[in-house]
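here's a sequence, model it:
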Amino acid sequence: MVVFRIERRGGLPAYLQIVHQVEQALRMGALTEGDKLPTAAQVAATTKVNPNTTLKAYRELERSGLVEVRQGAGTFITRSLATPQTAPESPLRARLGEWMREAREQGLTEHDVTTLFEAAFTETFQKAL
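Below is the predicted model of the structure:
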């Protein structure tokens, strides 16, 4: 089951954070077709967001074709966004994990790693446009 984390100071609405976290879990294979998402009440209890915020996120995911709401049963994943390159056993993912561990061992903070990653990402993907 996915556990949502809401960043209150980031500026991104909570419902979009939930949508993005579900999409990320789908890409990483942490959620797969048939998995049940937590109820709006469960999300509210763990994140302190209004249950309607979660329902709005789930409606957005339903419009995207990623989930299906079954009355009385819950909200279920209908398709995956995972690719072989993002699977837990992927060589690319393993190398990225090794890089992250090395960065931590060399004393980099989460902020340092995020900054490096974003810079490399921008250099690689934005220049390709």
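
what about R104, which helix or strand?
Using DSSP states H and E, R104 sits in helix 91-105.

next structured bit after that helix?
Per DSSP H and E, the helix or strand that comes after helix 91-105 is helix 110-121.

burial of R93, as a residue count?
15 (other Cβ atoms under 10 Å). Bear in mind the C-beta positions are built from the backbone N, C-alpha and C, glycine included.

nearest spatial neighbour of it, skipping sequence neighbours?
In this structure, R93 finds its nearest non-sequential neighbour in T86, 6.5 Å apart by Cβ to Cβ, 6 or more residues apart in numbering.

the one you found contacts R27, correct?
Yes - if you go by Cβ atoms under 8 Å, T86 and R27 touch, sitting 5.3 Å apart.

quick check: the residue of the chain most remote from its centre vs F121, distance?
Ranked by distance from the centre of the chain (Cα atoms, centre = their mean), the top residue is Q106, with 26.9 Å. For Q106, the distance to F121 (Cβ to Cβ, to the nearest Å) stands at 20 Å.

again with L31
To F121, L31 is 23 Å away according to Cβ to Cβ.

what does I77 give?
Counting by Cβ to Cβ, the gap from I77 to F121 is 27 Å.

go on, T46?
Applying Cβ to Cβ to T46 and F121 gives a distance of 29 Å.

looking at these two now, which is surrounded by more residues?
T46 (13 against 10).

confirm that the more buried one sits in a helix.
Yes - applying DSSP: H, G, I helix; E, B strand; the rest coil, one finds T46 inside a helix.

which residues are in contact with it?
3-4, 38 (Cβ atoms under 8 Å, 6 or more residues apart in numbering).

the closest residue to D35 other than its chain neighbours: what's it in contact with?
Counting by Cβ to Cβ, 6+ apart, D35 lies nearest to I77, which is 4.6 Å off, once chain neighbours are set aside. Contact partners of I77, counting by Cβ under 8 Å, 6+ apart, are 26, 31-37, 66-67.
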